[in-house]
Every structure is written in C-alpha cells, then in structure tokens.
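*Asks:* My questions concern the predicted model and sequence given below.
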Amino acid sequence: MSTRQSLAQPDNDDQADAVEPAEPSRPGRTAFRRGSANPNGSTTALRADVLGALGVLKVATADQLQRLLRPGAASNTVIRQALRDLALHGLVASDGNTKDRHKTWRLDGTAGLEAAGHVLGLPRSEMGSTARGAGRSGAQHAMAVNETIAAFVLGGSAPGAAGGVGTVRSWSTETEFLLPGGRRKVRPDGVWQAPEIGVPVLMVEVDRSTMAPADVAAKFPRYRELFRVKVRDNDPALAGQEPADRTVHWWRRTWPGHTRPGYPPVALVVTDAGPLALANRQQAVADLSADCWLGRWCKVVRDYNDDGWREYDDAVPIIATTLEALAEHGPLGPVWWRYGRDGRHSLLDALDNPNNRAAYDQRQAVREKKAKQDHRELMQTLACADCGNVPKEESTWVHGSRQWTRRPGGRCWPCHQEHTQRLERETEEQLEAARAANAALRPCWTCRGSIGGRAGSPLELDEKAGPDRLECPQCVSDREAEELGPLVLPAPTRREQVAALVSAPDDPWWEDRVLHAKLYPVKDRAA
C-alpha cells in the first residue's frame, strides 16, 4: 500500500507504524520524531483532523484550522507542520493568500478529496470541489464562512459568553440541493446539524454586504420551494393508506427529530459593513422576504375578538445576526433576531415561532380569566340583600305582565317574591286597620258613609283619617268636580248652644260646626 493510502486510512496501526514511530518522542508533545515520510513531525491524528476540516471548509488558513482543531495550542505551528507533511504527499495545496497575507490551504486533487472523504466517512460524490484557485483572490467569502463556523464551534469571545456547540464535523459546505425540475439548485453556505441541542439542521447564509438586499432575499423563496418537496414514505405502517397519504417532506427523513411547526430554519449572518448598515441590511432583507417567513394568519370567530395567531406550516423560520456579534457572544448568546419578532434572543428561543397558537391561547386565557373576574365582581354586586345569595348570571324574569330584573343591592327571585308578598300582606293589614279605625270615626257629612270611603274603591283611604276630615274621598272629589267650594257646616242654633251648656252635644260634628261658625259668620255666608 502506498504512503498516500496509509495517510488516508489512519486507523490501520500496522501501516502507520511502517512510516513513523507509534509513540510521541516525549510525553505531552503534539509532534512525533521526524521521519522520512513526514519530515515536519506531524502526527497521524492531527493530519486526519486537518484533512477532515479541509473537507468541510474547502479552503482555510492555518490560523483558522488551529482555532478549530487545537484551540488550546499556543500557536499554529503544529497545524502548519501537518499541512506541509500533507502537501508532500499531494493531499493539500496552497495557491494564494488572504488580504491579511495569511496563506490559504485546500485539498489537492482527487487524492485529497478521497483522503478527506475517508476521514469524514463520506463518498467522493459528496465531497464537492477542491476550491482550486479560490485563494488567488483571497477567498474572502470562504474566510467569512469559516469565521462563522468557528464562532459556532468555539462560542463567544466575550467574558461570560456562552460556549460553542459541536465540532467542525457538525458542518458541511457547498452542499447542493436540486429544486423540482432538476435544473435549479439551492446551495447554502453552510449546513449545521446539532440534534444534541434540538436543532436537527440549520441552513446558514453568510452575506458580506456585496449583494443587493433583494438578491439576498430572493434566496429564501427557493428554500421554501425546496422544503415543500415531498417523497414517498416507505414506512410499513402506512402500507394500507392511499398513495397521497404516504408522502412525507424529504427533509424530515434526512434530518429527523424536528418538533417545531414549519420548515427547517435558515440563519443569515451579515458582515463587512458598519453596525448601522448591517442593521438596515437585515431589516431590508426581512421586508423583502416577508412572504416566506410571515406565516398564515388565523383567528377563532367564536372568541369574539380581533386577535389571532400565525400558522407556520408553510413558512421558513429566518434568524439573522452579524458575524461580529456571533463571534463575541456565541451561537447560544442573545444575538439572533427572529424575523417577525422583536428583540434579540438566544438560538433556541429565536427558533420558537412568534405569535403562534400557543401564544394566542395564553392571551385568550388571560382575557377569559379577566372576563370571569369581572363577571364575579359584577355578580357580587348582585348579591341578595336578604339571604346574601350570589347569582351565577345576570337575569331578567317575566311573570305574566310583570318583569323583574336583578339589580345591584336588590334581591334574588325567591326573596323578591317573599318581600313582595310581605309588603302586600302589610298593605292589606294596614288597610284593614285603617278601615276599622275610620269606621269608628264620625261618618262622612255628605253621604253619611265611612269617612274612609267605600271599601275597595279607588279613592279609599289606606290610613286613619285625620280629625279635621268632614267628607269621604269620593264626596271630596265630587265637590271639587262640581266646583262647590269648601264644605262649611251649619252654625249651631241658640237652642243647641244653650243645651251644650248643660250637657255635651250628641253631635260628632259639634266642634267643627262651632269652629266654622267662628270662621264663617252667618252674615258673611249670606253675602
């Protein structure tokens, strides 16, 4: 077996021993004793890690590889040693520098792709290209993608920032997805898989502010078109269903474990501009791509409000941040703006769909709780004044031609009935007492009937008549109707006056006649 093959298959210990010692020259060192096969002293494990990282990144600098593969190393010396050893075997090559004069490295030819594929466990067909010539122009976009991946893997650089998630092997770049028809493609800058934190897949777009916002926004409808594609589900449990019911979105089979409604999320990372320009750019892309991420508005008519929620079954969740914020706070820090939601959030919070049915149900529960509380408070005002009973509902009762509505400070219907009956009894008792008292008084001067009036008549007095009353209510009404003026009793005769000196007159109107004689002298009456 050739030396190139032995490097591509580092797990074979016997073959590795044929070209270099199996043990380090000194405990704690990261380089082996220099040999003819690898004169720079790199280890098999480190060379395998470098091949795997270049298989993912396609083109990278030694500094980027050192931060991703050996973040604890004081310098990138061991990485450069591994790169030089791999270059001697024709597996990697350098064909340019970044604008900061850092040498760029890439896989070299089919041998490099196959060696990296062996490390990553991927066939040659899935390894993509070698990015040949990318370093000649500085590979600026590739460097931005690498820095984005490094921020995800390493976490934030700020004190107390959240750590990173996964490794460089959690990523893939230059992955192409064919759209329906087979002629158009979707190629995200990076595809990240982190099922260990609940993110089966995240598509990443890195924007260096070189494209018009409309061109960036135009990528998201293609993602939605891609995610809409369904394939046949070969689950035996669905064998009895109709063909139309045996389909499933292809991405659910490719990356199982999705729990959120909607399609896989897409992250937009912007860089290479000032803070204000980057903020405006994110907003412009959001406005231009709203149809993809906004979701479908729904509401429940029976809830009697104008509120509602959004369904995200056909929406692409889009989150955005800047590369600078991502590198400072890490992917789990509060750096993500979820389109359609205010503020910046951590990754998992940003992926939660805003204003969804759960949020609506929560708002509706608050409204219903307040309505119930208001109803209870209203019902407390309707507590019965007699028995204290609190009604469940405000009610109006109709009994024949009578209508009764429960009012604050009022009574419940049984107490209302009892109170009404008690008042009727009291009124009847009062009337009977008035009748008895009026019957014992002097009669009406005009009709000689009861001074209280005929029993049951509309004008009957319901209380004891006063001592100065001379006529019953009916006779008083008749006198007023005939305009006869006030009643004046006849003056006592001389004989009656003399008899009154001996004994009290047997005349119930005597005192009134005497009084009228003084008030209305006889000579004045004639006049």
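*Replies:* Everything's here; your move.
*Asks:* Could you list the low-pLDDT ranges of this structure?
*Replies:* Within the chain, the segments meeting pLDDT under 70 span 1-36, 235-245, 394-402, 404, 524-527.
*Asks:* The same query, at a cut-off of 80, please.
*Replies:* 1-37, 135, 182, 233-246, 303, 388, 391-407, 409-411, 413, 522-527 (pLDDT under 80).
*Asks:* Counting residues, what is the longest strand that it contains?
*Replies:* strand 199-207 (DSSP state E).
*Asks:* Check which strands are paired with that strand and give the direction for each one.
*Replies:* Here strand 199-207 is paired, per DSSP bridges, with strand 190-194 (antiparallel), strand 266-270 (parallel).
*Asks:* buried set for the helix or strand following it?
*Replies:* Counting by DSSP states H and E, the next helix or strand C-terminal to strand 199-207 is helix 213-217. Neighbour-count burial for helix 213-217, with 16 or more other C-beta atoms under 10 Å as criterion, is recorded at 213, 216-217. In short, each C-beta sits where N, CA and C put it, glycine included.
*Asks:* related to what we said a few turns ago, name the stretch among the strands paired with strand 199-207 that sits most buried.
*Replies:* A comparison of those by mean neighbour count, using mean count of other C-beta atoms under 10 Å, puts strand 266-270 on top with a mean of 26.
*Asks:* other SSEs contacting the helix or strand that that strand is followed by?
*Replies:* Using DSSP H and E, the helix or strand that directly follows strand 266-270 along the chain is helix 275-288. With contacts taken as 3 or more C-beta pairs under 8 Å, 6 or more residues apart in numbering; DSSP states H and E, helix 275-288 sits against helix 213-217, strand 266-270, strand 318-322.
*Asks:* Tabulate these in CSV, adding columns for distance to L178.
*Replies:* Shown next, in CSV, are the helices and strands packed on helix 275-288 (distance: least, C-beta to C-beta, whole Å):
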stretch, distance to L178
helix 213-217, 21
strand 266-270, 18
strand 318-322, 22
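*Asks:* Ok, which of the ones you listed comes nearest V78?
*Replies:* Nearest of the helices and strands packed on helix 275-288 to V78, taken as C-beta to C-beta: strand 266-270 at 29.3 Å.
*Asks:* contacting residues around that closest one?
*Replies:* 144, 148, 188, 202-209, 216, 220, 223, 278, 281-282, 285, 316-323, 326, 336 (C-beta atoms under 8 Å, 6 or more residues apart in numbering).
*Asks:* residue ranges for the helices of the stretch 101-250 of the chain, please.
*Replies:* Remark: helices assigned in the stretch 101-250 of the chain by DSSP state H, counting those that start in this stretch are 109-120, 140-154, 213-217, 219-227, 250-254.
*Asks:* Now distance to E424 too, for those helices, in a markdown table please.
*Replies:* Output for the helices of the stretch 101-250 of the chain, formatted as a markdown table (distance: least, C-beta to C-beta, whole Å):
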| stretch | distance to E424 |
| --- | --- |
| helix 109-120 | 98 |
| helix 140-154 | 86 |
| helix 213-217 | 81 |
| helix 219-227 | 77 |
| helix 250-254 | 77 |
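*Asks:* Check those for me and report the most buried one.
*Replies:* Buried most deeply of the helices of the stretch 101-250 of the chain, by mean count of other C-beta under 10 Å, is helix 140-154, with a mean of 23.
*Asks:* So which elements touch that one?
*Replies:* Applying 3+ C-beta pairs under 8 Å, 6+ apart, one finds that helix 140-154 makes contact with helix 44-57, strand 59-61, helix 62-69, strand 190-194, strand 199-207, helix 323-329.
*Asks:* what's around S209, how many residues?
*Replies:* With neighbours defined by other C-beta atoms under 10 Å, the count for S209 comes to 14.
*Asks:* actually R228, not the one I typed
*Replies:* 14.
*Asks:* Ok, Y312 next?
*Replies:* Neighbour number of Y312 under other C-beta under 10 Å is 22.
*Asks:* Just give me the residue closest to the centre of the protein.
*Replies:* In the chain, the centroid-proximal residue (C-alpha atoms, centre = their mean) is A359; its distance is 2.7 Å.
*Asks:* Many thanks, we can stop here.
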